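Asker: What shape does this take:
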Amino acid sequence: MNQIILLFLFSSLTLGTSIVILSQHWFTIWLGLELSTLSLIPLINTNMNPRSNEATIKYFLIQAFSAALLLSGVTLNLWYTASWSIESTINNFYSYSIILIAIIIKLGLAPCHFWLPDVLGGLNFLNGIIIASWQKIAPLFILLNLSYLLPHEGIILSSILSILIGGWGGLNQTSIRKILAFSSISHLGWIALTSFYSPNASLMIFIFYLINNTLIFLICSTNNLIYLSNLNKCNISLYSSILIAIALLSLGGLPPLGGFINKIIPLTLIFYNNNLILAPALFLGSLTSLYYYLRIIFNTSITLFPNNSLNLLIINSNTPNNLNSFISILSPFPIFGLTFLSFIYSYL
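Answerer: Reported below is the predicted structural model:
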């Protein structure tokens, strides 16, 4: 693709997300969501193969439907409040229920999660980063801004289902991209659940997820890690193997890695608010997610020696230098992210 066109599309994608974050007007929020979606469609369809085309069409249809649903909920809210402001304090159950369903679809939360594994399974890892990370920013900010108005039962139910389905759904998958899709569903469930109790804590958890998830996608892309059955045949270096192991264990929430605080904060908020009945579902979802993280780690390291003895610390010589540099910049985060996020949380 032409570099000027590529720059224009990425600029439009960034602009659309920025409009959603900064706007307090429902119509401009809807325009920002549409701008980011329409900018992304040409970007994710650059490969021009049948699977990519199918994934692009699925993504477009799902996003178009959720945008129409959001506009319907906003219009119904306008009927009751006579205002386009997102800060309207008049809570109409029907309009905000429709808005919540639209947000759930855009985030890929259960029970509207079916599109996410199919879309990520048909795209390459670099496009998957945008779908699984960047495109979650705008709907998440809407959720955080409206967390006190949206139906609380709906948020909690969708979050618990996402954590459970995200954990169990990845157990029978062999595609790394689909496994990461179910991992994304699970983590977004944790983030959405935390938003009900503390939007600031939810934002901090999302920042960690964004960085850690990007790192994992980049490592998989640079080492061409496609299927579990082929991981033991990939020429992956010791450095990359250790890095992806740390990043996945951090996502799993094992101490003392950075992801540990992402599990402790929601559990603390749940116990503090006497919602102990939710804890078993959270533990069950986390344990099942950890199982398929360990499967990836085991398969990437089982044939590490002696095949890679001459290239222990090389990421991948065929990878563009900018990607290698980006991986090196992000690599300390799964380890030291706990200290970094604790520092940020103290000021929220």
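
Asker: burial measure for the residue nearest to residue 223 when sequence neighbours are not counted, as a count.
Answerer: Distances taken as Cβ to Cβ, 6 or more residues apart in numbering put residue 236 closest to residue 223, at 4.8 Å, once the chain neighbours are dropped. All C-beta atoms are positioned from the backbone trio N, CA, C, and that covers glycine. When neighbours are counted by other Cβ atoms under 10 Å, residue 236 registers 26.

Asker: Secondary structure class of residue 236, three-state.
Answerer: coil (DSSP: H, G, I helix; E, B strand; the rest coil).

Asker: quick one: it from residue 251, how far?
Answerer: 18 Å (Cβ to Cβ, to the nearest Å).

Asker: And residue 136, by the same measure?
Answerer: From residue 136 over to residue 251 (counting by Cβ to Cβ), the distance is 15 Å.

Asker: With neighbour numbers in mind, choose between the two.
Answerer: Taking other Cβ under 10 Å, residue 136 and residue 251 do not tie; residue 251 has more neighbours (27 against 24).

Asker: circling back to that earlier point, hang on, the residue nearest to residue 223 packs against residue 222?
Answerer: No - Residue 236 is beyond contact range of residue 222, at 9.4 Å (criterion: Cβ atoms under 8 Å).

Asker: Doesn't residue 137 lie inside a helix?
Answerer: Yes - judged by three-state DSSP, residue 137 forms part of a helix.

Asker: Surely it touches residue 17?
Answerer: Yes - under the criterion of Cβ under 8 Å, residue 137 makes contact with residue 17 at 5.4 Å.

Asker: Who has more neighbours out of these two?
Answerer: residue 17 (21 against 15).

Asker: helices or strands next to the helix or strand encompassing that one in the packing?
Answerer: For residue 17, the host element (DSSP states H and E) is helix 3-22. Judged by 3 or more Cβ pairs under 8 Å, 6 or more residues apart in numbering; DSSP states H and E, helix 3-22 is in contact with helix 26-44, helix 137-145.

Asker: now it: mean pLDDT?
Answerer: If you average the pLDDT over helix 3-22, you get 92.

Asker: again, but for stretch 42-57
Answerer: Here the average pLDDT along stretch 42-57 is 85.

Asker: For that stretch, C-alpha coordinates in PDB please.
Answerer: Presented in PDB, the C-alpha positions along stretch 42-57 are these (Å, rounded to 0.1, in the frame of the first residue of the first chain):
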ATOM      1  CA  PRO A  42      -8.600  -1.000   4.200                       C
ATOM      2  CA  LEU A  43      -5.700  -1.600   6.700                       C
ATOM      3  CA  ILE A  44      -6.800  -5.100   7.700                       C
ATOM      4  CA  ASN A  45      -7.500  -6.100   4.100                       C
ATOM      5  CA  THR A  46      -4.100  -5.500   2.600                       C
ATOM      6  CA  ASN A  47      -3.300  -9.200   2.200                       C
ATOM      7  CA  MET A  48      -6.200  -9.800  -0.300                       C
ATOM      8  CA  ASN A  49      -6.600 -13.500   0.500                       C
ATOM      9  CA  PRO A  50     -10.000 -15.300   1.000                       C
ATOM     10  CA  ARG A  51      -9.600 -15.600   4.800                       C
ATOM     11  CA  SER A  52      -8.600 -12.000   5.200                       C
ATOM     12  CA  ASN A  53     -11.500 -10.900   3.000                       C
ATOM     13  CA  GLU A  54     -13.900 -13.000   5.100                       C
ATOM     14  CA  ALA A  55     -12.600 -11.600   8.400                       C
ATOM     15  CA  THR A  56     -12.800  -8.000   7.000                       C
ATOM     16  CA  ILE A  57     -16.400  -8.500   6.000                       C
END
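
Asker: and the longest helix for this structure?
Answerer: helix 50-81 (DSSP state H).

Asker: what's the distance between the helix or strand that that helix is followed by and the middle of its chain?
Answerer: Sequence order places helix 93-107 as the next helix or strand after helix 50-81, per DSSP H and E. For helix 93-107, the distance from its own C-alpha centre to the chain's C-alpha centre is 18 Å (Cα atoms, centre = their mean, to the nearest Å).

Asker: Could I get the CA-only coordinates of whatever helix or strand comes next after helix 93-107 as PDB?
Answerer: For helix 93-107, the following helix or strand on the C-terminal side (DSSP H and E) is helix 115-121. Extracted as PDB, the C-alpha positions of helix 115-121 are listed here (Å, rounded to 0.1, in the frame of the first residue of the first chain):
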ATOM      1  CA  TRP A 115     -17.000 -12.500  16.000                       C
ATOM      2  CA  LEU A 116     -13.700 -11.800  17.700                       C
ATOM      3  CA  PRO A 117     -12.000 -15.300  17.400                       C
ATOM      4  CA  ASP A 118     -13.200 -15.600  13.800                       C
ATOM      5  CA  VAL A 119     -11.900 -12.200  12.800                       C
ATOM      6  CA  LEU A 120      -8.500 -12.500  14.500                       C
ATOM      7  CA  GLY A 121      -8.200 -16.000  13.100                       C
END
